[in-house]
Structure formats: C-alpha cells, structure tokens
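[1] model this:
(4 chains)
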2 protein chains.
Amino acid sequence: MLDEIDKRLLKLLQTDSKQTNKALSHELGLSVTAIYERIKKLENNKVIGKYVALINKKKVEKAFVAFCHVKLVQHSQDYVIKFEQEVRKLDEILECYHISGDYDYLIKVLVKDMEAFRDFMVKKLTKIDHIGSTHSMFVINEVKHTTAITL
Amino acid sequence: MLDEIDKRLLKLLQTDSKQTNKALSHELGLSVTAIYERIKKLENNKVIGKYVALINKKKVEKAFVAFCHVKLVQHSQDYVIKFEQEVRKLDEILECYHISGDYDYLIKVLVKDMEAFRDFMVKKLTKIDHIGSTHSMFVINEVKHTTAITL
DNA sequence: TATTTATTAGAAAATAAATCTATTTTATAC
DNA sequence: GTATAAAATAGATTTATTTTCTAATAAATA
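    This is a model prediction of the structure:
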C-alpha cells in the first residue's frame, strides 16, 4: 500500500509540512504532479490525518507537564463513560489512555506551573465523580518528543 | 505578548494549518495581510515551532502503544547521558520524559503489535546499559490525544 | 500480446503567498 | 490634550505555488 517513495514523502511531511511540492519533488526525484497526486492519495486514504502547527509550550506559559495515573472506584460502564467524557472536556489534559496495570488511566497534563497543577487537581480532576485514587508524576526533563512515526 | 486574536489564530492553526490566510482572515475578521504578519511574527518568535503532517498510526501498522517506566541502576551523569542518547536513537520511542517518582523515566513506544513490542524490549530497550528495571503498561484505548494547547 | 489502469511529466490556469505603499491605530513623550 | 513615533492593518501588485488538464509512460491484467 505504501511504497518507499510514500514513506520518504511521509517522513518529510511529518517533519515539515510547509515544504512546497517543488522542494519535495526535488528531494524525491519526481515531478511536482507526482508528488501532488501522492499527497492527495495519502490524504484521501486517511494516512495523513491532518496538518497542524506545533507550538512551543515554553513560549505560552504551559511548561509544566505532569502525568497522572487515575484509578476509578468501580469499572461499571457508566463510570467509565462519564470519566472519559469529562477528561475530553478538560483543556489541561492533552492525552488520556486507558491502560493495563495497577491504574486504569494515564493522563498527560499541561499547565503553567505547580500552583496551576494543584488548582487543576483540586478543582478539576478530582472533582470528576468516581475517581478512586490518583498518582502524579512530574516531568523533570523532556528527553524526546516527536509526532513523527518512523515507517 | 499574545493578544486574543493571536490566541484564536493559534487555536485555528493548531487544528488545521492548511487553512489559507484568506479563510483565517474571514474567521477572525482581519485582512489577509494582518493575518500574514501575525503568523510571521508567531513563527519568528518561535511560538509556532513547526508545521507537521500527523499520520494515522492505524493506517501504518503502528497501532500498538505502550508506556514503559524505566529505572536506571545508578544516576551518575554518565549513565543518564548514555541512556538518553540511546533513547533518542530508537525510532519506536516517540516520547521520553525524565520524571519524579519511583521510576526515572517514562517512555512512549509505538510498534505494530505485541510481538513487535517484545522484540523492542528484548533487543533494543533492555540492551541499553545500566537499566535497572522496567515496567510496561499497554494502551487499551486512546481516550484523548491532541497536540493543541489551549491558551 | 492486447487492453486496461495507474502513475507520471509538462504546460496552463487558478489560487495563494509575499511584498509594497498608504492608512489607521496604538503607545509614548511632551 | 496634543504631537510624535512605532506598530498594526488594509488594499493593490507581484511572485510563487497549487491545481487542473492533456499526453505519455509504466505497470497490471486478461
């Protein structure tokens, strides 16, 4: 389904989606139209989901990152649905995964600072019904963070 | 530094960076030039870090996601530097954070399936020197996942 | 081999980005 | 409160890019 050229093209687009088709055609040794058609196909097939601007969290006062493990008091469908609904509403939560292991969920939280985190915990996260317990881990340093999947 | 228009603009660009300046100008009630200049400024100030294509992991056989806690045997500078270096080299690791708590690191791993994960653990992660212990959590369901920071 | 289908190339048309000049708004000093 | 400077904006123009079109080539299928 994806040939080598597609993979190389996706690598380039995952790194910088603002490159012109001309630049990409140069890089991959194809015509502009070939690149254009390939990209359109990848978009239509939903291989490429969207194009976004990535912003620098340190520049927008969201440099404090934490991961929280969350356990529900019970795992009835109702509780699960409700919890997940609330999580999706909270802007501070960028990611939330239902995971295997001791805890039920792992969430990634972005806020300004420790004070804002405390606020988030007290006023938002733990206000959600049916939360049993939570365990927070603070990011000391971001060693690696990419959105680019290697194919 | 960022006014309300900038914030609304960033929200739009974080959702879809392929919108034309004309469409954005319409949305925000400004001229095309005003939008153009604002975007250029946000780029120059490094508020906008980059533009990327986000690809669909389910379409490229990378649907298996796991988080691994990693503990080093020791925390001497050498060991830390070496570990972080190796992590950055591994394509399966998309994110790695040095975190507070029982473990030293939290890493996010993307592979094809459980078999590939086992392979990754045995042949790559645990081959890195000085790793004390690891603890893996598998993603059962992705409840929320966005790159857009709310300002 | 013949026939269809998909991919590619190059040219033309349509669209958008980038630049320029003039005007307006905002901030600062007097 | 007014004058001045600086920043932001609008509209027009130029430049570049995307998109479409036609034809040619390559790959797949009967």
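[2] how about the residues of chain A that lie near DNA strand D?
    A:Thr20, A:Asn21, A:Lys22, A:Val32, A:Thr33, A:Tyr36 (C-beta under 7 Å from any atom of the strand). The C-beta positions use only the backbone N, C-alpha and C, and glycine is treated the same way.
[3] where along chain A do the helices fall?
    Using DSSP state H, the helices of chain A run over residues A:4-15, A:21-28, A:32-44, A:77-89, A:114-123.
[4] quick one: the shortest one to chain centroid distance?
    Averaging C-alpha coordinates over helix A:21-28 and over its chain gives two centres that are 28 Å apart (C-alpha atoms, centre = their mean, to the nearest Å).
[5] What is that helix packed up against?
    With contacts defined as 3 or more C-beta pairs under 8 Å, 6 or more residues apart in numbering or on different chains; DSSP states H and E, helix A:21-28 has these neighbours: helix A:4-15, helix A:32-44.
[6] Contact partners for whichever residue of chain A sits closest to DNA strand C?
    Scanning chain A for proximity to DNA strand C using C-beta to the nearest atom of the strand identifies A:Ser31 as nearest, at 2.9 Å. Shown in contact with A:Ser31 (C-beta atoms under 8 Å, 6 or more residues apart in numbering or on different chains): A:Ser25.
[7] circling back: out of the residues of chain A next to DNA strand D, the closest to B:Asp102 would be?
    Distance to B:Asp102 across the residues of chain A next to DNA strand D (C-beta to C-beta) is lowest for A:Thr20, with 48.5 Å.
[8] neighbours around that closest one, how many?
    10 (other C-beta atoms under 10 Å in any protein chain shown).
[9] And the pLDDT at it?
    For A:Thr20, the model assigns a pLDDT of 97.
[10] again with A:Val80
    Per the predicted model, pLDDT is 95 at A:Val80.
[11] before we move on, back to that, how about the helices and strands packed on helix A:21-28 in TSV, adding mean pLDDT?
    TSV is the format used below for the helices and strands packed on helix A:21-28 (pLDDT from 0 to 100):
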stretch	mean pLDDT
helix A:4-15	97
helix A:32-44	97
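[12] Just give me the residue closest to the centre of chain A.
    Residue closest to the average C-alpha location in chain A (C-alpha atoms, centre = their mean): A:Glu95, at 5.8 Å.
[13] Might one say that that one is in contact with A:Lys108?
    Yes: judged on C-beta atoms under 8 Å, A:Glu95 makes contact with A:Lys108 at a distance of 4.1 Å.
[14] nearest spatial neighbour of A:Arg8, skipping sequence neighbours?
    Nearest non-adjacent residue to A:Arg8, counting by C-beta to C-beta, 6 or more residues apart in numbering or on different chains: A:Leu28, 6.0 Å away.
[15] need the residues of chain A near DNA strand C, please.
    Residues of chain A lying close to DNA strand C (C-beta under 7 Å from any atom of the strand) are A:Ile5, A:Ser25, A:Leu30, A:Ser31, A:Val32, A:Thr33, A:Ala34, A:Glu37, A:Arg38, A:Lys41.
[16] In the residues you listed, which residue is surrounded by the most others?
    Neighbour counts for the residues of chain A next to DNA strand C (other C-beta under 10 Å) peak at A:Arg38, which has 20 neighbours.
[17] Where is the longest strand in chain A?
    strand A:131-145 (DSSP state E).
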